[in-house]
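Trainee: Here is the input, now give the coordinates:
(chains A and B)
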Amino acid sequence: MAVAQRDPHTGYTTTGHEWNGITELNRPVPKVIWLFLAATIIFSVIYWVLMPAWPLVETYTKGVLGVDQRSSLAENLRIAAADRASWTQQIETRNFAEIQADDSLMQIVRNTGRPLFEDNCATCHGMKGQGGHGFPRLTDDAWLWGADPATVAETIRVGINSTHNETRVSQMQAFGRDGILDRAAILDVVTYVRSLAGAEPTGDERSDSIAAAAEVFAANCAACHGESGTGNTELGAPDLTDESWIYGGDRQSVYTTVYRGRQGHMPHWEGRLSALERKLLTLFVLDLGATKQ
Amino acid sequence: MFGFHYKLERHTIPFVLAIIFVAGIGGIVEIAPLFTIGETVEEAPDMRVYTPLELAGRNIYIREGCYACHSQMIRTLRDEVERYGPYSLAVESQYDHPMLWGSKRTGPDLARVGGKYSDAWHVAHLDDPRSVVPQSVMPAYTWLDDTQLVTEDLGQHLAAMRRVGVPYTDKMIANAAADVYGQANPDSDRASGVAERYGEETNVRAFDGEPGPVTEMDALVAYLQILGRLTDAAHEQQALEGDLR
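Mentor: Numbering: from 1, shown residues only, chains lettered A, B, ... in the order given. Just a heads-up that it's a prediction; the model follows:
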């Protein structure tokens, strides 16, 4: 196999191979490709010197620029914190009433609270705080544990029926499933509870249920919800006389609530959000309801 | 240089050896750092293993392809740390075989989702995502709630994990099916064994809201609720560097 065969038309040598009468010219790799290869190799050598690159057994080459993701993150967070310091200090040191009275601070709360709310709270309570089935509405006046800022802040901190060791605890018994009340008594109580909120008896709801259920209500429900059904913020027992229903106010929903009880769960945010973030959220959430009215 | 190559090309065995040598360089560069992985991954003495129920949930997470849209890796970037919490450490994936870090986020990162939402929210969300998040594009996983979890083979899953280095004990493997039931039934007599074998911190709840038979929903919610909570190492690391937020 001769290597130096020459192609008669172009004058270049061929590779010496022949495929069905076709031969290939033996031409060098284009210069531009060599240049590109050389450039990438030079780049990588420079990069190895400047940046973290080669693993050694217990450590790695750190590079002369000293770039480190973790320390640059810490630096970025430090810069961000310094940028915000002018207003974070005011939020941290002033009390709720002072901040709520300060319009320029409240504007900051509205701007910075929104992404915090959307990342953490809106998933359950809705983008506008409108709530949903099983998740309380935050824009009305019905507050299970009270509406003052310190109380709301505490609820955010420890949660409700959460895994925090200081959690707020509030559980409604399963009056039907656990056999405390029979079906007829539950149906009467459902009619009674709905009447407290102003709902007229519908369909096969008996109007005499209300009278019959008053005694059952006093014996079983009043301890938490109060004799007149206005609730108790000490126990997180909802007001039954308003139009706000967490699990629905139709007959079937109220029946299910009384039958199976409710053990709503709000996670605690201490440990996940900083004290500043929780304070911002408290102010933001209260502002959601206030600006709506 | 070309002269050498022309000669090499014409000798089969030396050419084969040369190819193996050059390809071997690439292999060594990729593989050799793993030999010292024990030296480079942080220690987390409080790290616990997945319970059988959580492992079953993890298997469902893989089966349903959740990793295609959700990552489990918080990177060292300011926006990620501010949104999701402390950045992920290698040790947090110590018992993940395979790891589910992912790189695509159609949905949010899940590395720290454990404990962020209630069980009831997870159940409602998996059953019908748009009932709680109207703008969501996540598919509904309606069958999880009515499909009973297969538990007979979970002991073997644990044994397989032990083969690749997860420190499951013989007792854990032998009691896998009982622990699955116990973790989802806090009032049953099998619940105490879960805390005994996996620690008091373990979530023991009726995850799908219904005690009794263990469903795939129980398993998946149990897994989601433990994500990022097997160790506090990441939170300690953040405290070490000073949480300046």
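Trainee: Which residue ranges make up the domains of chain A?
Mentor: Domain assignment of chain A by automatic domain parsing yields the ranges A:1-73, A:85-166+A:266-292, A:183-260.
Trainee: The one helix or strand in chain A whose mean pLDDT sits lowest: what's the following helix or strand?
Mentor: None of the helices or strands of chain A scores lower by mean pLDDT, DSSP states H and E than strand A:14-19, at a mean of 82. Once the chain leaves strand A:14-19, the next helix or strand it forms, by DSSP states H and E, is strand A:22-25.
Trainee: Does chain B have contacts with that following strand?
Mentor: No. For strand A:22-25, no contact with chain B is found by CB under 8 Å from any CB of the partner chain; the gap never falls below 13.8 Å. Quick note: C-beta positions are derived from backbone N, CA and C, even for glycine.
Trainee: Tell me the gap between the following helix or strand past that strand and the middle of its chain.
Mentor: Going down the chain from strand A:22-25, the next helix or strand is helix A:31-50, by DSSP H and E. How far helix A:31-50 lies from its chain's middle: 46 Å, per CA atoms, centre = their mean, to the nearest Å.
Trainee: What's the mean pLDDT across helix A:31-50?
Mentor: Per-region confidence: helix A:31-50 scores 96 on mean pLDDT.
Trainee: Go ahead and name everything in contact with that helix.
Mentor: Helix A:31-50 has contacts (CB atoms under 8 Å, 6 or more residues apart in numbering or on different chains) with A:53-54, A:61, A:63-65, A:67.
Trainee: Stretch A:124-134 now?
Mentor: Counting by CB under 8 Å, 6+ apart, the neighbours of stretch A:124-134 from elsewhere in the structure are A:117-118, A:121-122, A:135-139, A:246-248, A:264, A:266, A:285, A:288-289, B:117-118, B:120-121, B:124, B:131-132, B:134-135.
Trainee: Look at residue A:285 and give its secondary structure.
Mentor: Assigned by DSSP: H, G, I helix; E, B strand; the rest coil, the conformation of residue A:285 is helix.
Trainee: residues contacting the nearest residue to it once chain neighbours are set aside?
Mentor: The shortest distance from residue A:285 to any residue other than its chain neighbours is 5.3 Å, reached at residue A:138 (CB to CB, 6 or more residues apart in numbering or on different chains). Under the criterion of CB under 8 Å, 6+ apart, the contact partners of residue A:138 comprise A:121, A:125, A:129-131, A:285, A:288-289.
Trainee: For ChimeraX, what selects the buried ones among the residues you listed?
Mentor: The ChimeraX command for the buried members of the contacts of residue A:138 (criterion: 16 or more other CB atoms under 10 Å in any protein chain shown) is given here:
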select /A:121,125,129,131,285,288,289
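Trainee: Check the spacing between the residue nearest to residue A:285 and chain B real quick.
Mentor: Remark: distance between residue A:138 and chain B (CB to the nearest CB, to the nearest Å) = 15 Å.
Trainee: just residue A:6 next, same as before
Mentor: From residue A:6 across to chain B, the span is 16 Å (CB to the nearest CB).
Trainee: Residues in a beta bridge with that residue, which ones?
Mentor: For residue A:6, the beta-bridge assignment (DSSP bridges) gives partners residue A:13.
Trainee: quick one, what contacts it?
Mentor: Applying CB under 8 Å, 6+ apart as the definition, the contact partners of residue A:6 turn out to be A:12-14.
Trainee: Apply 10 Å and report the result again.
Mentor: By CB atoms under 10 Å, 6 or more residues apart in numbering or on different chains, the contact set of residue A:6 is A:12-14, A:25-26.
Trainee: what's the neighbour count on residue 111?
Mentor: I went with chain A, as the question did not name one. By the other CB atoms under 10 Å in any protein chain shown criterion, the neighbourhood of residue A:111 contains 10 residues.
Trainee: Chain B was what I was after
Mentor: Residue B:111 sits with 26 neighbouring residues when counted by other CB under 10 Å.
Trainee: And the closest residue to it other than its chain neighbours, how far from chain A?
Mentor: With CB to CB, 6+ apart as the criterion, residue B:111 has its nearest non-adjacent residue at 4.5 Å, and that residue is residue B:72. Between residue B:72 and chain A the distance is 17 Å, computed by CB to the nearest CB.
Trainee: Residue B:72: how many residues sit nearby?
Mentor: Going by other CB under 10 Å, the residues that sit close to residue B:72 add up to 22.
Trainee: In this structure it contacts residue B:112, no?
Mentor: Yes. In terms of CB atoms under 10 Å, residue B:72 counts as a neighbour of residue B:112; the distance is 9.1 Å.
Trainee: Please enumerate the shared neighbours of those two.
Mentor: Residues touching both residue B:72 and residue B:112 comprise B:88, B:92, B:227-228, with contact defined as CB under 10 Å, 6+ apart.
Trainee: Which two among those residues are spaced furthest apart?
Mentor: B:88 and B:227 (10.6 Å; CB to CB).
Trainee: tell me, what's touching those two both at once?
Mentor: Taking CB under 10 Å, 6+ apart as the contact definition, residue B:88 and residue B:227 share the neighbouring residues B:72, B:109, B:111-112.
Trainee: What's the local residue count around residue B:39?
Mentor: Considering only other CB under 10 Å, residue B:39 is surrounded by 11 other residues.
Trainee: Kindly report the same for residue A:135.
Mentor: Each residue near residue A:135 was counted by other CB under 10 Å, and the total is 22.
Trainee: Quick check: phi and psi at it.
Mentor: According to degrees, to the nearest 10, the main-chain angles of residue A:135 amount to phi -130, psi 110.
Trainee: what are the bridge partners for it, then?
Mentor: Taking DSSP bridges, one obtains residue A:132 as the residues bridged to residue A:135.
Trainee: residue contacts, it?
Mentor: With CB under 10 Å, 6+ apart as the criterion, the residues that contact residue A:135 are A:121, A:123-126, A:246-247, A:264, A:266, B:118, B:120-121, B:124, B:132.
Trainee: and which of the residues you listed is nearest residue A:278?
Mentor: residue A:121 (11.0 Å).
Trainee: Surely that closest one and residue A:280 touch.
Mentor: No. Using CB under 10 Å, residue A:121 and residue A:280 do not qualify as a contacting pair, with a distance of 11.4 Å.
Trainee: hmm, back to that, columns distance to residue B:196 on top of the domains of chain A, output as TSV?
Mentor: Rendered in TSV, the data for the domains of chain A read as follows (distance: least, CB to CB, whole Å):
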stretch	distance to residue B:196
domain A:1-73	37
domain A:85-166+A:266-292	19
domain A:183-260	31
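Trainee: Looking at those domains, which is nearest to residue B:165?
Mentor: Taking CB to CB as the criterion, residue B:165 comes closest to domain A:1-73 out of the domains of chain A, the separation being 20.3 Å.
Trainee: contacts for the helix or strand of chain B with the lowest mean pLDDT?
Mentor: The element with the least model confidence among the helices and strands of chain B, by mean pLDDT, DSSP H and E, is helix B:37-40, at a mean of 77. Under the criterion CB under 10 Å, 6+ apart, residues A:55-60, B:33-34, B:90 lie in contact with helix B:37-40.
Trainee: and the contacts of stretch A:124-134, which are buried?
Mentor: Among the contacts of stretch A:124-134, those that count as buried by neighbour count (16+ other CB under 10 Å) are A:117, A:121-122, A:135-139, A:246-247, A:264, A:266, A:285, A:288-289, B:117-118, B:120-121, B:124, B:132.
Trainee: how close does residue A:167 get to residue B:123?
Mentor: Residue A:167 is 20 Å from residue B:123, where distance means CB to CB, to the nearest Å.
Trainee: Looking at the two, which is more packed in?
Mentor: Taking other CB under 10 Å, residue A:167 and residue B:123 do not tie; residue B:123 has more neighbours (22 against 18).
Trainee: Helix, strand, or coil at residue A:244?
Mentor: Following three-state DSSP, the label given to residue A:244 is coil.
Trainee: For the spatially most central residue of chain B, report the pLDDT, please.
Mentor: Of all residues in chain B, the one closest to the mean position by CA atoms, centre = their mean is residue B:96, 4.8 Å from it. Confidence at residue B:96, expressed as pLDDT, is 95.
Trainee: Tell me which other helices or strands the helix ranked longest in chain A touches.
Mentor: When chain A is scanned for its longest helix (criterion: DSSP state H), the result is helix A:69-93. Using 3 or more CB pairs under 10 Å, 6 or more residues apart in numbering or on different chains; DSSP states H and E as the contact criterion, the elements in contact with helix A:69-93 are helix A:96-101, helix A:103-120, helix A:275-292, helix B:78-84, helix B:233-241.
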